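A.B. asks: how would this look folded up:
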Amino acid sequence: MRTYLSRKAFADSQGWSPSYVTKLGSQGRLIMSPDGKSVDVDATLAKLGKTADPSKEGVRQRHVDTRTQRDVRSQVTADAPDTAESQGGSSDYYTHKASREKYLALLAQAEYDKVCGNTVERQVVEEATYRYARLLRDSVMGLPKQISSDLAAISDPWKLERELSDRLRKMLEDVTKLGEDDLNKAMTE
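C.D. replies: Numbering: from 1, shown residues only. Just a heads-up that it's a prediction; the model follows:
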């Protein structure tokens, strides 16, 4: 059978201030009853045990000792079941801390790569690539209008092929220079 208490009664049963219980609720560390009005004592204590910062254990123990010595409550125990140790696994605190450190390291690595110029912003490169592709398409589509009259006057197939190849090569070189400049400018922004 589960034990449900109001927030104030839960705070009193643990020897905590009601504001601390409110803080636990805002951190998402309180397990509430299905109606949302009462605290599930056993589940909350278990969750607090899993999510507690082990570096604060000395402070927690000192507070328990002080409360016991003052005899404020005869049954004050802040001992929550340590399910991580009993199951042989690592605690949730360490898992979350390791995950957080990993993502912070990845973020620092990404920022370092960006500063060193090893990475660029994707959107800028995509826009430059789009402009370059349009320039290439427009140049290729406009080439027949530029060279049609010159090619019509050539009757020798070998000269026609050479002229067409030369014009295509020149047009592609021009587009490459323009596109390269545009892409370099986009990557250094």
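A.B. asks: Only C-alpha atoms from now on, for both contacts and neighbour counts.
C.D. replies: Noted.
A.B. asks: burial count for residue 178?
C.D. replies: Neighbour count of residue 178, defined by other C-alpha atoms under 10 Å: 14.
A.B. asks: what about it, helix or strand, and which?
C.D. replies: Per DSSP states H and E, residue 178 falls inside helix 157-188.
A.B. asks: Pull out the buried residues from that helix.
C.D. replies: 160, 163-164, 168, 175, 179, 182-183, 186-187 (16 or more other C-alpha atoms under 10 Å).
A.B. asks: Please spell out which residues along stretch 32-48 are buried.
C.D. replies: 32-33, 38-48.
A.B. asks: List every C-alpha atom in that stretch, with coordinates, as CSV.
C.D. replies: C-alpha atoms of stretch 32-48 as CSV (Å, rounded to 0.1, in the frame of the first residue of the first chain):
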residue,chain,number,x,y,z
MET,A,32,2.7,12.8,-7.1
SER,A,33,-0.5,10.8,-6.6
PRO,A,34,-2.7,10.2,-9.6
ASP,A,35,-4.9,13.2,-8.6
GLY,A,36,-1.8,15.4,-8.4
LYS,A,37,-2.6,16.7,-4.9
SER,A,38,-0.5,14.4,-2.7
VAL,A,39,3.0,13.2,-2.6
ASP,A,40,3.8,9.5,-3.0
VAL,A,41,6.3,9.2,-0.1
ASP,A,42,8.0,5.9,-1.0
ALA,A,43,8.4,6.6,-4.7
THR,A,44,9.6,10.2,-4.0
LEU,A,45,12.2,9.0,-1.5
ALA,A,46,13.4,6.3,-4.0
LYS,A,47,13.7,8.9,-6.7
LEU,A,48,15.5,11.4,-4.4
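A.B. asks: thinking again about what came up before, pLDDT (mean, whole number) over the helix holding residue 178?
C.D. replies: The average pLDDT within helix 157-188 is 86.
A.B. asks: Show me what it packs onto, helices and strands only.
C.D. replies: On a contact count with 3 or more C-alpha pairs under 8 Å, 6 or more residues apart in numbering; DSSP states H and E, helix 157-188 meets helix 122-152.
A.B. asks: Can you give the domain ranges for this structure?
C.D. replies: Following automatic domain parsing, one finds the domains of the chain at 4-81, 90-116, 122-188.
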